[in-house]
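In: coords please:
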Amino acid sequence: MLTKYDWELIESTINLSQDEREGLELLYSLKNNLDVSFAIKLQSIFIKVSKGRMIQLSNKAKLPQISQYHFKINNLHRAWGEMKQKYNCSLNEFNQAINFNKISQLIYDRNLKQKEIREMSNNFKYILKIYLSNISEESRKIENIENKKREENKNKQVESNLSVENTNKTTFINQLSKLQISSVEAVVHEKEFTPLQDYMHVEREIQNDLVQALTQTGKNEKPKLILLCGSVGDGKSHLLSYIQEKHSDLLENCLVHNDSTESFNPNEEDIDTLERVLEEFENFEEAQKTSVIAINLGVLHKFYVHQKEKGQFHTLCKYIEDSKVFSHQTPKYTVDNTFYMLNFAGLQPYEISETGVNSKFFKSIIQKVVNPNEDNPFYKAWKNEKDASITSAAHENYALLQDETIQDSIVQKLIEAMIQEKSFLSTRAFYNLIYDIIVPLNSDADLQPSNALPYMLFNRPDRSDLMEALHDIDPILERDEELDNIISSFILASGPLNYIKELLGDKLYLSSSWTNYTHRIEDDTDYLKLLVSSYALLHNIKQDEVYHAFLDLLFAFYTGNENKMSELFEMLDTIMEQWIGTPKNGYLYMDTNNAEYQIAVKFEGEPEVDEKLFGSKNASVIQHFIPEIKVGYQIKGESILVAIDYKLFKLLSKVADGYCPSQQDYTEALQFTDFYSKIIRESDQSKDLLIVHRDTEEVLKFTKPRFSKKDYEVEVY
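Out: The predicted structure follows:
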């Protein structure tokens with residue numbers, strides 16, 4: 001059985017859907033007969049647990065992580081093979097995982113036997129047990145690494161400062177390297193605010209919220225506890241250091257603590273440290289001053305669970321529960337008489353409006369890096385070397401990034417990748433990405449096609465998960481008529497370089513990568529990719545119509561546009577009948593295993609939305625939301641909803657256009673498969689059924705008369 005503590009660990013580290021949670025509950029129930037629907041749910045959870053084990057093992061081995069892109073249903077055995085080879089996971093764990101995957105693949109071929117489902121369940125329980133036992137240890141290890149890294153970086157900074165003082169200059173590449181996650185500048189402490197951090201600071205709405213909270217607290221004699229929550233690298237530490245530097249008066253009578261960088265004792269666990277920091281708030285009568293705590297949600301969750309078990313911090317735990325900070329529906333901030341919580345989670349680094357998406361934040365950071373002014377250390381180093389005729393691919397890529405059209409296109413592609421993968425890009429990771437698209441692996445390399453910014457933006461999938469997502473939306477993968485015509489024109493051009501200059505504009509930093517071009521385009525993949533990606537960035541081509549339709553519906557959902565939602569429900573009605581099929585309008589097939597007959601039930605659902613989210617934003621531009629639409633039907637007074645993200649919306653759009661889902665589609669779209677099953681279960685099956693012979697397609701209608709001794713009346717359709 002899973003204990004309450006086990007559940008807390010699982011829910012704090014794995015984003016389980018409601019259907020997956022039900023599957024996990026079923027796994028540890030006393031039921032013996034488990035069907036293929038349960039096996040599919042277990043398969044979906046196993047993928048997430050496998051990702052978690054990979055992260056644990058990579059941290060333990062101190063080796064780079066395997067890309068999470070490899071953790072897909074049809075590739076899972078290879079992912080575990082890499083985990084065994086790279087991280088040397090135990091042979092028993094490897095065998096359990098491989099056996100689980102071997103059985104789960106049979107779902108696509110035939111119905112699983114009860115013995116096989118039980119074997120899958122045992123394999124899963126074994127892996128989950130190992131995963132849970134390592135969560136606490138892994139969390140402590142990460143925090144210790146951060147502390148150690150900070151100390152090492154402080155020492156490196158001293159050496160670096162001495163070096164700079166001696167030479168009084170730095171190279172362009174060395175300046176750019178400060179954007180890397182591994183850089184000294186990457187780890188921020190609230191008591192340290194370097195000149196580079198000052199220059200790179202971009203004002204955000206949450207900064208104003210914190211300043212307002214501190215201002216109000218300063219006017220109040222009663223001490224408050226201000227919690228600044230979020231994820232690793234999202235800017236909590238930077239914001240605190242900025243406030244300390246620019247608004248130090250607001251923190252004069254406050255205790256400031258950052259859970260990721262501070263400890264009273266190097267050997268002390270983070271929970272013990274927090275207990276010390278917050279001990280005055282165990283009994284509020286003893287609190288002497290306002291405390292400001294920057295804390296990662298994982299650490300806060302661990303602290304909350306620990307105090308609930310010990311029976312301590314009752315008021316604080318109650319506030320954490322009421323704030324719903326661990327829920328996707330948590331607001332940007334919550335306030336009461338004693339607490340003030342600001343939450344980075346769910347606060348997107350981009351905005352959505354009626355006209356689409358944009359990110360002032362991302363673009364401001366790019367412009368901080370490339371703005372042509374003497375206050376910009378990157379530009380200053382670049383210009384000095386340019387004046388000295390020092391050049392490389394990185395220098396030319398930097399010049400290209402100064403083009404505002406290119407900046408806008410990159411921002412759009414980043415947001416598209418984030419929404420399609422439902423991922424979050426921290427500020428720290430964004431700095432690193434800018435470095436990755438400017439500097440090739442060989443930083444001194446010339447501007448060959450594979451070292452040009454447009455090429456690297458879409459063709460460096462091994463550098464990060466986000467760049468892998470960008471690779472998936474490479475314009476060349478979704479070629480349309482416009483791009484096909486461009487490629488054909490280039491191939492047929494008598495003077496291809498003149499055509500390139502005409503197509504891309506008279507910009508040396510674009511055309512110079514073609515200087516050494518001597519081959520035909522059809523013989524050189526790198527030049528072809530560069531041509532397409534350069535044109536797509538310069539003209540901000542919008543290829544994915546489904547993506548833009550999803551954006552329109554997403555904004556309509558959060559702003560309460562009922563007319564737009566009616567379009568979605570019209571599509572959803574069609575999808576319901578086409579998901580498995582229908583013998584007649586208004587009826588849905590049950591997913592039966594009978595080889596000879598199919599059963600269809602009458603569908604009488606009323607359109608329903610998640611009322612907590614629908615129309616929850618009264619603004620022309622919104623930033624605090626989750627990129628999914630939660631809709632469904634009400635049947636017999638019960639609301640049955642499904643969260644539709646971009647990937648599911650893309651599949652459903654295909655189904656609405658006549659596509660017949662495959663077994664793998666049913667598995668990968670688990671949330672919709674279970675949504676459909678719930679609709680069938682809740683539909684009234686006692687009064688009206690259709691039974692269809694698979695071979696002859698003969699239809700029998702069974703109805704229950706209202707006033708009759710007969711159980712059913714049967715008629716042939």
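In: Using the three-state scheme, assign the nearest residue to Ser359 once chain neighbours are set aside.
Out: Among residues not flanking Ser359 along the chain, Tyr350 sits closest, at 3.8 Å (CB to CB, 6 or more residues apart in numbering). All C-beta atoms are positioned from the backbone trio N, CA, C, and that covers glycine. When classified by DSSP: H, G, I helix; E, B strand; the rest coil, Tyr350 comes out as strand.
In: what's near enough to touch the residue lying closest to Glu697 once chain neighbours are set aside?
Out: Take Glu697 and drop its neighbours on the chain: the residue closest to it by CB to CB, 6+ apart is Pro583, 7.9 Å away. Residues in contact with Pro583 (CB atoms under 8 Å, 6 or more residues apart in numbering) are Tyr589, Gln598, Ala600, Leu690, Val692, Glu697, Val699, Tyr717.
In: you'd agree the fifth one is in a strand?
Out: Yes. Counting by three-state DSSP, Val692 is part of a strand.
In: distance of the residue nearest to Glu697 from Thr518?
Out: Per CB to CB, to the nearest Å, Pro583 is found 63 Å from Thr518.
In: re earlier: is it true that the residue nearest to Ser359 touches Gly356?
Out: No. Look at Tyr350 against Gly356 with CB atoms under 8 Å: they stay out of range, at 10.3 Å.
In: Neighbour count for these two, which is higher?
Out: The neighbour count for Tyr350 versus Gly356, taken as other CB atoms under 10 Å, is higher for Tyr350 (20 against 15).
In: so what's the more buried one up against?
Out: Val357, Asn358, Ser359, Phe361, Phe362, Val411, Ile415, Met418, Gln623.
In: What is the burial count for the second one?
Out: Which is Asn358. For Asn358, the count of nearby residues is 17 (other CB under 10 Å).
In: Could you list the domains of this protein?
Out: 4-141, 201-345, 350-543, 561-716 (automatic domain parsing).
In: Nearest to Asn174, out of these?
Out: Closest approach to Asn174 among the domains of the chain (CB to CB): domain 350-543, 7.7 Å.
In: how far is that closest one from where the chain is centred?
Out: Distance, stretch centre to chain centre, for domain 350-543: 23 Å (CA atoms, centre = their mean, to the nearest Å).
In: end-to-end on it?
Out: Start-to-end span of domain 350-543 (CA to CA, to the nearest Å) is 20 Å.
In: same deal with stretch 279-299?
Out: For stretch 279-299, the end-to-end distance is 17 Å (CA to CA).
In: Three-state assignment for the residue nearest the centre of the chain, please.
Out: Centroid-nearest residue in the chain: Ser423, 1.5 Å away (criterion: CA atoms, centre = their mean). Using three-state DSSP, the structure places Ser423 in coil.
In: which strands and helices sit next to whichever helix or strand Val299 is part of?
Out: For Val299, the host element (DSSP states H and E) is helix 297-310. On a contact count with 3 or more CB pairs under 8 Å, 6 or more residues apart in numbering; DSSP states H and E, helix 297-310 meets helix 4-13, helix 114-167, strand 225-230, helix 270-278, helix 314-323.
In: next SSE after the worst-scoring helix or strand of the chain on mean pLDDT?
Out: Every helix and strand of the chain was ranked by mean pLDDT, DSSP states H and E. The lowest is helix 508-511, at a mean of 57. Going down the chain from helix 508-511, the next helix or strand is helix 525-539, by DSSP H and E.
In: Buried residues of the helix holding Val299, list them for me.
Out: Under the neighbour-count criterion of 16 or more other CB atoms under 10 Å, helix 297-310 has Leu297, Gly298, Val299, Leu300, His301, Lys302, Phe303, Tyr304, Val305, His306, Gln307, Lys308 buried.
In: Please apply the same query to stretch 565-583.
Out: The neighbour-count check on stretch 565-583 (16+ other CB under 10 Å) flags 565, 568-569, 571-573, 575-580, 582-583 as buried.
In: In strands only, show me these.
Out: Per DSSP state E, strands hold no members of the buried residues of stretch 565-583.
In: Please tell me how far Gly581 sits from Glu596.
Out: According to CB to CB, Gly581 stands 16 Å off from Glu596.
In: any idea how far the residue nearest to Glu697 lies from Tyr304?
Out: 52 Å.
In: Also Lys102?
Out: Distance from Lys102 to Tyr304, by CB to CB: 39 Å.
In: is it fair to say Glu608 lies in a strand?
Out: Yes. When three-state DSSP is applied, Glu608 is found to be in a strand.
In: Next, count neighbours for it.
Out: A total of 18 residues lie near Glu608 under the criterion other CB under 10 Å.
In: Show me what it is bridged to.
Out: With DSSP bridges as the criterion, Glu608 is bridged to Gly632.
In: Tell me the pLDDT of it.
Out: Confidence at Glu608, expressed as pLDDT, is 95.
In: That one contacts Leu641, correct?
Out: Yes. Between Glu608 and Leu641 there is a contact under CB under 8 Å: 6.6 Å.
In: shared neighbours of the two, anything?
Out: Common contacts of Glu608 and Leu641 (CB under 8 Å, 6+ apart): Val631, Gly632.
In: Share the number of residues neighbouring Asp249, please.
Out: 10.
In: what's the answer for Asn516, then?
Out: Quick note: Asn516 (other CB under 10 Å) scores 11 neighbours.
In: what residues are up against it?
Out: With contacts defined as CB under 8 Å, 6+ apart, Asn516 is in contact with Gln448.
In: let's see it at 10 Å
Out: For Asn516, the contact set (CB atoms under 10 Å, 6 or more residues apart in numbering) comprises Asp446, Leu447, Gln448, Pro449.
In: And the first one, what's its pLDDT?
Out: The model reports Asp446 with a pLDDT of 77.
In: Which of the helices and strands packed on helix 297-310 has the lowest mean pLDDT?
Out: Note on the helices and strands packed on helix 297-310: lowest mean pLDDT is at helix 114-167, with a mean of 63.
In: Now do the same for Arg110: helix, strand or coil?
Out: coil.
In: Against Ala595, how distant is it?
Out: Distance, Arg110 to Ala595, using CB to CB: 11 Å.
In: Looking at the two now, which is surrounded by more residues?
Out: More neighbours surround Arg110 than the other of Arg110 and Ala595, with 10 against 7 (other CB under 10 Å).
In: show me where pLDDT drops low in the stretch 501-650 of the chain?
Out: In the prediction, the stretch 501-650 of the chain carries residues with pLDDT under 70 at positions 506-511, 519-523, 592-594.
In: quick one: buried residues of stretch 104-114?
Out: Ser104, Ile107, Leu112.
In: secondary structure element for the nearest residue to the first one once chain neighbours are set aside?
Out: Counting by CB to CB, 6+ apart, the nearest residue to Ser104 once its immediate chain neighbours are dropped is Gln43, at 4.7 Å. When elements are defined using DSSP H and E, Gln43 is found to belong to helix 36-61.
In: For the following helix or strand past that helix, which outside residues touch it?
Out: With elements assigned by DSSP H and E, the helix or strand that comes after helix 36-61 is helix 76-87. Residues from elsewhere that reach helix 76-87 (CB under 10 Å, 6+ apart): 43, 46-47, 50-51, 53-54, 56-72, 89-91, 93-98, 100-102, 104-105, 127.
In: And those residues, which of them are buried?
Out: The neighbour count (16+ other CB under 10 Å) marks 43, 46-47, 50-51, 53-54, 56-59, 66-71, 89, 93-94, 96-98, 100-101, 104, 127 as buried among the contacts of helix 76-87.
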